[in-house]
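Participant: predicted model, plus sequence, below.
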Amino acid sequence: MAETEPVLVTAGILVNGDQILICQRHRSDSYGLQWEFPGGKVGEGEEMKSSLRRELTEELSIDAEVGREVFRLRHRYPDRYVEVVFFLVPAFRGDVRNQVFESVVWASRKSLPEYNFLEADRELVNRISRGEIV
């Protein structure tokens, strides 16, 4: 039976000039080797921005400044139903160190559609690449 309420997930759009940080899911993960924006599930009772700061510390070893919400979506995969809330991350302290992904890349905004993103992220990816968001 499908879940009626989606799992709440936050993701960060880290920007450095014309570059956006994207992450490739580990090959052993579900949807392995597909690309996504860093982030993860919001814990019970956890505030969304706090959740994203925690996830970015765990995944990339950075202390992020989480800015405004830039996009929100709901997507039903065959095995999960998610609501993803994307926040701009205009600045962070520390050097990005990949802790969990197959690969982490600073990609130019225009090149984003060339990457095989998770299905849920594709509309956002196209809008970022066209300069409509962020």
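Facilitator: Cool, the structure landed.
Participant: residue contacts, Ile22?
Facilitator: Trp35, Glu36, Phe37, Val104, Val105, Ala107, Leu112, Tyr115, Phe117 (Cβ atoms under 8 Å, 6 or more residues apart in numbering). From N, CA and C alone the C-beta is placed, and that goes for glycine too.
Participant: quick one: end-to-end length of stretch 27-36, please.
Facilitator: The straight-line separation of the ends of stretch 27-36 (Cα to Cα, to the nearest Å) is 13 Å.
Participant: stretch 15-22 now?
Facilitator: End residues of stretch 15-22 are separated by 10 Å (Cα to Cα).
Participant: just to revisit the earlier point, just the buried residues from the contacts of Ile22, in PyMOL please.
Facilitator: Restricted to buried positions by 16 or more other Cβ atoms under 10 Å, the PyMOL selection for these reads:
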select buried, resi 35+36+37+104+107+112+117
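Participant: secondary structure added to the contacts of Ile22, as a markdown table?
Facilitator: Converted to a markdown table, the contacts of Ile22 look like this (DSSP: H, G, I helix; E, B strand; the rest coil):
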| residue | secondary structure |
| --- | --- |
| Trp35 | strand |
| Glu36 | strand |
| Phe37 | coil |
| Val104 | strand |
| Val105 | strand |
| Ala107 | strand |
| Leu112 | helix |
| Tyr115 | coil |
| Phe117 | strand |
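Participant: could you dump the contacts of Ile22 to a markdown table with distance to Asp79 and pLDDT?
Facilitator: Putting those into a markdown table (distance: Cβ to Cβ, whole Å; pLDDT from 0 to 100) gives the following:
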| residue | distance to Asp79 | pLDDT |
| --- | --- | --- |
| Trp35 | 19 | 98 |
| Glu36 | 16 | 98 |
| Phe37 | 20 | 98 |
| Val104 | 25 | 98 |
| Val105 | 26 | 98 |
| Ala107 | 27 | 98 |
| Leu112 | 25 | 98 |
| Tyr115 | 22 | 98 |
| Phe117 | 18 | 98 |
